[in-house]
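Engineer: Got a predicted structure here, sequence first:
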Amino acid sequence: MRSRSTVLGLLLLTLPAIAQEDILRPRGAPAFAPVRERPLPIMLGIEGGVNWNTASQSLQYQPTPAPTNTPPQLFKSGNGLSPAVRILADIGLTPNLGLRLHVGYDVKTVGHSGTAEADCQNLYDPTIITTVPVSVDWTFTTNYLTAGAGIRYNVSAQLWLTAGIVAHFHRSNRQKTKYSVPETSNCGFLNPEDNRLYRQLEVELEINSPPMKSSRIGAELGAGYAIPLNPKLWLVPRLQLQLLSSFREDMESSDGWKWFSEGLYNVRLRNASQHSIQLLLGLWFDL
């Protein structure tokens, strides 16, 4: 019985020693999984919508004063609707701030209609000059490729504010103008092809002068509201103001609509400017 107690006591004394040896045994340096930096979040989007465009320019007549109420004076200002589309990439810089890049195609259309006056010379008696009303209806359309960059700031998870710059690269333009005089008038527009008078005249042409074919830059300010469709897909309606630079050069023209009563005038078209309010609808993907 004593021998068994001795063995049991040795075992009991040995176990704490083994346990203490395990605790005090030196270990190697702990190994940690490498820290991987999370890549910047990237979103891709496509937008399409409409522009509401406004345009204006000043007409400088020589000699002065200018003739009264002639058709060219109806080209001082105009407005109109036109489409726009763009592809965008958004690179997240912070949880609420992102860098936004885009390319697109933008159509700018403006127009105006009104009534002016012109001299009418009697074909049978050239000494008889009368003044007739002339209705004018014109549109001017320019097509641009666009590229731009800006900043996106999240006011909240769904409300986005944007600001940036945009460049418009001219591709083509077309001006359409329709002139008409009253059906009761004895005056008309002479067609040189058949030497007949018509009460309507339609002119369509491309303006090749440098100002209307130049590229332009501008600023953009906008706000959008993100509607989540799923965790990685959003529908974003957006309203944006686009302020474009004025044309750098003037255009030269002439005004002879009242040649007989007031004379021929040289006209310089200056400070032509155009701005837009864009209503856009976008679809955004989180990569």
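Structural biologist: Nice, I can see it. Numbering: from 1, shown residues only.
Engineer: contacts, neighbours, all on C-alpha from now
Structural biologist: OK.
Engineer: beta partners of the residue lying closest to V103 once chain neighbours are set aside?
Structural biologist: Closest residue to V103 apart from its sequence neighbours, by Cα to Cα, 6 or more residues apart in numbering: A147 at 4.3 Å. In this entry, A147 is beta-bridged to V103, A167, by DSSP bridges.
Engineer: do you know how far A147 is from S215?
Structural biologist: 12 Å (Cα to Cα, to the nearest Å).
Engineer: what sits in contact with each of the two?
Structural biologist: A167, H168 (Cα atoms under 8 Å, 6 or more residues apart in numbering).
Engineer: Low-confidence bits of the stretch 1-150 of the chain, can you list those?
Structural biologist: 1-39 (pLDDT under 70).
Engineer: all strands in it, in order from the N-terminus.
Structural biologist: 42-62, 77-94, 97-121, 129-154 (DSSP state E, counting those that start in this stretch).
Engineer: Is it possible to get CSV of the ones you listed that adds distance to E202 and mean neighbour count?
Structural biologist: Output for these, formatted as CSV (distance: least, Cα to Cα, whole Å; neighbours: other Cα atoms under 10 Å):
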stretch, distance to E202, mean neighbour count
strand 42-62, 22, 18
strand 77-94, 19, 18
strand 97-121, 14, 19
strand 129-154, 10, 18
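Engineer: Throw those strands into CSV and include distance to V267, thanks.
Structural biologist: Compiled in CSV, these are given as follows (distance: least, Cα to Cα, whole Å):
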stretch, distance to V267
strand 42-62, 5
strand 77-94, 16
strand 97-121, 17
strand 129-154, 18
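Engineer: For P182, which of these is the nearest?
Structural biologist: Of all the strands of the stretch 1-150 of the chain, strand 129-154 sits nearest to P182, with 7.4 Å by Cα to Cα.
Engineer: Which strands and helices lie in contact with the closest one?
Structural biologist: strand 97-121, strand 159-180 (3 or more Cα pairs under 8 Å, 6 or more residues apart in numbering; DSSP states H and E).
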